[in-house]
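Peer 1: With the sequence up front, the predicted model follows.
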Amino acid sequence: MLPKLKEPFYLYLDGKQAQLVIRPAYEVFKADLAAIEGVNAKAQYCHYSEMTRFPKRIQKSVNGIHYGLAFSFDSKEAVKSFVEKLIVINQG
């Protein structure tokens, strides 16, 4: 959860690369978040059944699967800047 906001996010390991996954509602801010130095937005949605705080979409299964927006990072500073930007977005 993001501090003071109760906004869920997940860490997802894709091969050897960790990704931070946020709700798909942030898609309107995807370009802004990807513009942060060291932040890399994934082109496709991240699908994972364990992301239960996220909505589902029909992909291959009849029941749907939880999904979100995945980002990877080049440095700790990029992660910090990303989280700070998410907090600002949530505070309006």
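Peer 2: Received it, and whenever you're ready, just let me know what you need.

Peer 1: now the helices for this protein?
Peer 2: Listed in chain order, the helices of the chain (DSSP state H) span 30-34, 76-91.

Peer 1: Go through those helices and name the closest to Ala18.
Peer 2: helix 76-91 (9.7 Å; Cβ to Cβ). Every C-beta, even on glycine, is put in place using the N, C-alpha and C of the backbone.

Peer 1: So what touches the closest one?
Peer 2: Under the contact criterion Cβ atoms under 8 Å, 6 or more residues apart in numbering, helix 76-91 has outside partners 2-5, 7, 9, 20, 22, 26, 29, 32-33, 36-39, 71, 73.

Peer 1: pLDDT on it, on average?
Peer 2: Averaging pLDDT along helix 76-91 gives 93.

Peer 1: got it, and stretch 5-21?
Peer 2: pLDDT averaged over stretch 5-21 gives 89.
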